[in-house]
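K.L.:
when you get a sec, could you give me coordinates for this:
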Amino acid sequence: MDTHAYEAVLLKRKQELDRRLHKIEADFEQPRNPDDDDRAIERSNDEVLDELGQVGQEELKAIDAALERIAKGTFGKCVRCGAEISAVRLEAVPYTPFCQECVNELHERA
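P.N.:
Residues are numbered from 1 along each chain as shown. As a prediction, this is how the structure comes out:
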């Protein structure tokens, strides 16, 4: 398995997320509109941005964990059962810590 290719993909995605999260943070720091109707729209937009920020933070954590697994030499192995994670799965979700079988089991329990 070429972990260097996955590392490059993960680092690129991490940069994209960092940029997006900084933009979200900058938007929160903008002065608010004095008009009541506009403030209501801004509050609604802020809720969406907050949700996007939370999702982005979770993805960053997953990417950092994947980069750590690359550094340790355990990338591509399921953290739950130790089986190889398929290349198809890693192409779709390069930071996944689980093989497809374990993901299915975890979703069944949820």
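K.L.:
quick check: next helix or strand after the helix or strand harbouring residue 63?
P.N.:
Applying DSSP states H and E as the criterion places residue 63 in helix 36-72. Next in sequence after helix 36-72, counting helices and strands by DSSP H and E, comes helix 87-92.
K.L.:
following the chain onward from that following helix, which element is next?
P.N.:
Helices and strands here follow DSSP H and E; after helix 87-92, the next one along the chain is helix 100-109.
K.L.:
report the distance from that following helix to the chain centre.
P.N.:
Relative to the chain's own centre, helix 100-109 is displaced by 19 Å; criterion: C-alpha atoms, centre = their mean, to the nearest Å.
K.L.:
I'd like the average pLDDT over it.
P.N.:
For helix 100-109, mean pLDDT rounds to 93.
K.L.:
help me confirm that residue 98 comes into contact with residue 76.
P.N.:
No. Contact criterion C-beta atoms under 8 Å: residue 98 and residue 76 do not qualify, at 11.5 Å. C-beta coordinates here come from the backbone N, C-alpha and C atoms, glycine included.
K.L.:
in terms of neighbours, single out the busier of these two.
P.N.:
Of the pair residue 98 and residue 76, residue 76 is the one with more neighbours under other C-beta atoms under 10 Å, namely 21 against 18.
K.L.:
ok, residue 95 - how many residues close by?
P.N.:
21.
K.L.:
and the gap between the closest residue to it other than its chain neighbours and residue 11?
P.N.:
Distance criterion C-beta to C-beta, 6 or more residues apart in numbering; nearest residue to residue 95, sequence neighbours excluded, is residue 66 at 3.9 Å. Going from residue 66 to residue 11 by C-beta to C-beta, to the nearest Å gives 10 Å.
K.L.:
check residue 23 too.
P.N.:
19 Å.
K.L.:
cool, and residue 56?
P.N.:
For residue 56, the distance to residue 11 - C-beta to C-beta - is 16 Å.
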